[in-house]
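**Q** dropping the sequence and predicted coords here.
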Amino acid sequence: MSVKLALIGAGRIGSNHARLITNHVIGSELVAVVDPTPNAETLADELGAVAFSNPDDVLTRDDIDAVLIATPARTHADLVVKAAAAGKHVFVEKPMAVTLKDADRAINAASEANTVLQVGFNRRFAAGFAAARARIDAGDIGTPQLLRSVTRDPGPFTADPNKIPQWTIFLETLIHDFDALCYLNPGATPVEVTAHADCLVVPEAAGTGFLDTAVVTVRFDNGAIGTAEASFSAAYGYDVRGEVFGSKGMMTAGDARATNMTFYGAEGIAAATSRADTDLLSDAYRAEFQAFVDSIRTNTPSKVPGEAARTALLIALGAIRSVETGATINLAESIEV
């Protein structure tokens with residue numbers, strides 16, 4: 001059985017996903033591309049698919065089994081609900097939703113339709129992070145005590161801060177790190193969040209609500225303390241790393257280097273770094289799409305269910321509230337659905 005997929009959202013990341021699926025994911029076939037811009041036709045022609053401008057055009061088609069949603073973040077939840085109601089399996093980029101109410105709607109829609117819902121938390125499929133989790137599951141680290149997850153986007157930062165939705169650093173960037181902390185501390189529940197954020201990369205945008213630098217501390221019910229940090233501009237390239245310190249030892253995962261090659265020469269030691277997420281995490285993207293397709297083909301549970309996205313969102317909303325109030329936020333008491 002080949003899973004027939006439609007891409008909804010043919011921007012930078014959606015186009016990358018479509019090419020990976022077409023060229024590398026076994027048991028899948030990209031049959032449609034949906035986008036209101038000319039990107040749809042351009043990408044569809046490149047990959048041998050059919051272009052559409054409206055998601056409704058593909059959700060009613062019987063020859064499409066699943067959709068991959070890569071539209072702007074605040075459209076995700078409604079599209080998940082519509083796709084599930086149409087009986088389609090859904091892969092949705094993070095965040096699945098930006099409110100807990102919408103997250104619950106998306107989870108419930110997929111559950112009621114008995115369709116696979118997988119969220120795009122790619123760190124889980126990066127080789128180093130997956131190997132770390134395997135060691136944790138085997139008990140090699142002992143009891144997790146301190147955790148860390150880092151995302152630093154490659155500089156220089158050239159975007160217009162006025163065009164970036166408020167709280168993007170928490171809802172769209174650090175959301176990966178919040179999930180990574182939970183992934184590396186399995187079975188634990190986040191209970192408390194303290195966040196600090198500022199406008200350090202583009203200081204002239206200070207006071208507009210734009211934030212480009214943040215550090216978040218997360219306390220878990222098993223006593224572990226996690227930190228997540230992000231910057232919109234790392235001069236040396238794209239940087240994604242994780243660390244777990246436990247009662248039996250420590251593990252690190254991730255690397256800013258493009259490969260494991262290090263050059264030694266007369267001027268010193270040097271290593272090339274990745275300048276895009278689609279380069280550094282190419283294998284992780286490929287693995288998450290393969291997992292999604294395999295879940296559909298084998299009728300097995302999603303590797304990254306909607307509940308994981310809801311937990312990461314809860315931390316993000318706690319971080320936002322912490323920045324707004326300057327206080328530590330109890331997640332059980334302070335965040336409303």
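**A** All right, it came through fine.

**Q** how close does the residue most central in space within the chain sit to Leu79?
**A** By Cα atoms, centre = their mean, the chain has its centre lying nearest to Phe121, at 3.6 Å. Note on Phe121: its distance to Leu79, by Cβ to Cβ, to the nearest Å, is 18 Å. Using the backbone N, CA and C atoms, a C-beta is placed for each residue, glycine as well.

**Q** Asp56 too?
**A** Asp56 sits 10 Å away from Leu79 when distances are taken as Cβ to Cβ.

**Q** got it, and His17?
**A** Separation of His17 from Leu79 (Cβ to Cβ) stands at 15 Å.

**Q** ok, those two, which is more surrounded?
**A** His17 (26 against 20; other Cβ atoms under 10 Å).

**Q** correct me, but that one touches Leu5?
**A** No. Here His17 does not reach Leu5: they are 9.6 Å apart, not a contact under Cβ atoms under 8 Å.

**Q** mutual contacts of the two, please.
**A** Residues touching both His17 and Leu5 (Cβ atoms under 8 Å, 6 or more residues apart in numbering) are Leu68.

**Q** for the biggest helix by length in the chain, packing partners?
**A** Longest helix in the chain by number of residues (criterion: DSSP state H): helix 306-325. If you count contacts as 3 or more Cβ pairs under 8 Å, 6 or more residues apart in numbering; DSSP states H and E, helix 306-325 packs onto helix 100-113, strand 117-119, helix 174-183, strand 190-198, strand 213-220, strand 329-330, helix 331-334.

**Q** out of the ones you listed, flag the one nearest Asp283.
**A** Of all these, it is helix 174-183 that lies closest to Asp283, at 15.9 Å by Cβ to Cβ.

**Q** domains in the protein, as residue ranges please.
**A** 3-122, 123-284+312-334 (automatic domain parsing).

**Q** nearest to Val293, out of those domains?
**A** Ranked by Cβ to Cβ, the member of the domains of the chain that lies closest to Val293 is domain 3-122, at 4.7 Å.

**Q** chain center to the closest one, what's the gap?
**A** 15 Å (Cα atoms, centre = their mean, to the nearest Å).

**Q** pLDDT of it, averaged?
**A** Averaging the model's pLDDT scores along domain 3-122 yields 98.

**Q** strands of the stretch 151-300 of the chain, residue ranges please.
**A** For the stretch 151-300 of the chain, the strands defined by DSSP state E, counting those that start in this stretch occupy 190-198, 213-220, 225-234, 239-246, 249-254, 263-265, 268-270.

**Q** in a markdown table, list these along with mean pLDDT, distance to Ala180 and mean neighbour count.
**A** Output for those, formatted as a markdown table (pLDDT from 0 to 100; distance: least, Cβ to Cβ, whole Å; neighbours: other Cβ atoms under 10 Å):
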| stretch | mean pLDDT | distance to Ala180 | mean neighbour count |
| --- | --- | --- | --- |
| strand 190-198 | 98 | 12 | 20 |
| strand 213-220 | 98 | 11 | 21 |
| strand 225-234 | 98 | 8 | 22 |
| strand 239-246 | 98 | 5 | 22 |
| strand 249-254 | 96 | 9 | 16 |
| strand 263-265 | 95 | 30 | 8 |
| strand 268-270 | 95 | 28 | 9 |
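
**Q** switch the ones you listed over to TSV; also include distance to Gly87.
**A** Compiled in TSV, the strands of the stretch 151-300 of the chain are given as follows (distance: least, Cβ to Cβ, whole Å):
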stretch	distance to Gly87
strand 190-198	33
strand 213-220	37
strand 225-234	36
strand 239-246	35
strand 249-254	37
strand 263-265	53
strand 268-270	53
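
**Q** mind checking which of those is nearest Gly11?
**A** For Gly11, the closest of these is strand 225-234, at 18.2 Å, according to Cβ to Cβ.

**Q** one step back: which of the domains of the chain is buried the deepest?
**A** domain 3-122 (a mean of 20; mean count of other Cβ atoms under 10 Å).

**Q** ends of it, what's the gap?
**A** 21 Å (Cα to Cα, to the nearest Å).

**Q** same question, stretch 87-106
**A** So stretch 87-106: terminal residues 13 Å apart, Cα to Cα.

**Q** alright, that wraps it up for me.
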